[in-house]
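**Student:** no sequence for this one, just the structure:
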Ligand code: PRP
Ligand code: URA
């Protein structure tokens, strides 16, 4: 299983709070935003830097700034929306695309309904964000959609993954690195992650 688990203590602490059934939508949204920001900090750790001359009020000096490709952030609707603000606070130059995929409750298969990506998607480092990687169907569909539009450099950032989802993404898109705060035990008969955190979209938007 190819997956990077981001086990920073702050992320693990906040993940435990967000899993709690007693955590309401307001706190859930705040925690998700905070975790997304902390995860973005970790996944950008190896971005290339280049030298640049800067003049401080005291002297000129050689400093370092980000080099290389620009980034694109692509939330999978709906639940991925809850992670956007945290990521773009750290990476304000990132363009934001949107992919609409929902999981058919009977078949658990992904249903695509929306795709709007930056026009220069091929030149950007794309980070797909969605708190939940369950069967993996939605993430695989999102990666397929981005690749069809020319995307080549893609990472997937989620909060909680099931082994089944990690394996499916690894199999269909071995070039896509997966970052998650946890890989849980399994899926239940309804395709929910156990122990997971329930339905992320419903908990963010208070729809259940
Ligand atoms: C949830 C979640 C993922 C998907 C994961 O979305 O946010 O997108 O399920 O499941 P999968 O890995 O089995 O595809 P959902 O389909 O509930 O849509 P919503 O966010 O619009 O509620
Ligand atoms: N989608 C969710 O929101 N939660 C799960 O556990 C699985 C899919």
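**Tutor:** Thanks, I have the structure now. Just so it is clear, the model here is predicted, and its values are computed rather than measured. Ligands and ions are numbered 1, 2, ... in the order given.

**Student:** alpha carbons only for contacts and neighbour counts from here, please
**Tutor:** Noted.

**Student:** grab the most central residue of this structure for me.
**Tutor:** residue 129 (2.3 Å; Cα atoms, centre = their mean).

**Student:** who are the neighbours in contact with that residue?
**Tutor:** Residue 129 sits next to 73-76, 80, 83-84, 156-158 when contact means Cα atoms under 8 Å, 6 or more residues apart in numbering.

**Student:** quick check: phi and psi on it?
**Tutor:** For residue 129, the backbone dihedrals (degrees, to the nearest 10) come out as phi -120, psi 130.

**Student:** show the pLDDT at it.
**Tutor:** For residue 129, the pLDDT comes out at 98.

**Student:** same question, the one 5 residues further on
**Tutor:** Residue 134 carries a pLDDT score of 98 in this model.

**Student:** quick one: contacts for it?
**Tutor:** Residue 134 touches 161-165, 187, 191-193, counting by Cα under 8 Å, 6+ apart.

**Student:** wait, residue 186 touches residue 162, no?
**Tutor:** Yes: between residue 186 and residue 162 there is a contact under Cα atoms under 8 Å: 5.5 Å.

**Student:** higher neighbour count, those two?
**Tutor:** Between residue 186 and residue 162, counted using other Cα atoms under 10 Å, residue 162 has the larger neighbour count: 24 against 19.

**Student:** the more buried one reaches residue 131, doesn't it?
**Tutor:** No: using Cα under 8 Å, residue 162 makes no contact with residue 131, being 11.5 Å away.

**Student:** you'd agree residue 27 is in a helix?
**Tutor:** Yes: using DSSP: H, G, I helix; E, B strand; the rest coil, the assignment for residue 27 is a helix.

**Student:** from residue 204, how far out is it?
**Tutor:** From residue 27 across to residue 204, the span is 9 Å (Cα to Cα, to the nearest Å).

**Student:** with neighbour numbers in mind, choose between those two.
**Tutor:** A direct count of neighbours by other Cα under 10 Å for residue 27 and residue 204 places residue 204 higher, at 22 against 15.

**Student:** does residue 191 touch residue 133 like I think?
**Tutor:** No: if you go by Cα under 8 Å, residue 191 and residue 133 don't touch, sitting 10.4 Å apart.

**Student:** now stretch 151-162, how far from the centre of its chain.
**Tutor:** Distance of stretch 151-162 from its chain centroid, counting by Cα atoms, centre = their mean, to the nearest Å, is 5 Å.

**Student:** contacts for stretch 90-102?
**Tutor:** 37, 40-41, 70-78, 88, 110-118, 138, 141-142.

**Student:** for PyMOL, what selects the buried ones among those?
**Tutor:** Restricted to buried positions by 16 or more other Cα atoms under 10 Å, the PyMOL selection for the contacts of stretch 90-102 reads:
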select buried, resi 37+40+70+71+72+73+74+75+76+77+78+88+110+115+117+118+138+141+142
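
**Student:** just the contacts of stretch 90-102: which are in strands?
**Tutor:** 70-77, 110-116 (DSSP state E).

**Student:** the host helix or strand of residue 54 packs against which elements?
**Tutor:** Using DSSP states H and E, residue 54 falls within strand 49-55. Applying 3 or more Cα pairs under 8 Å, 6 or more residues apart in numbering; DSSP states H and E, one finds that strand 49-55 contacts strand 60-66.

**Student:** alright, I will stop here.
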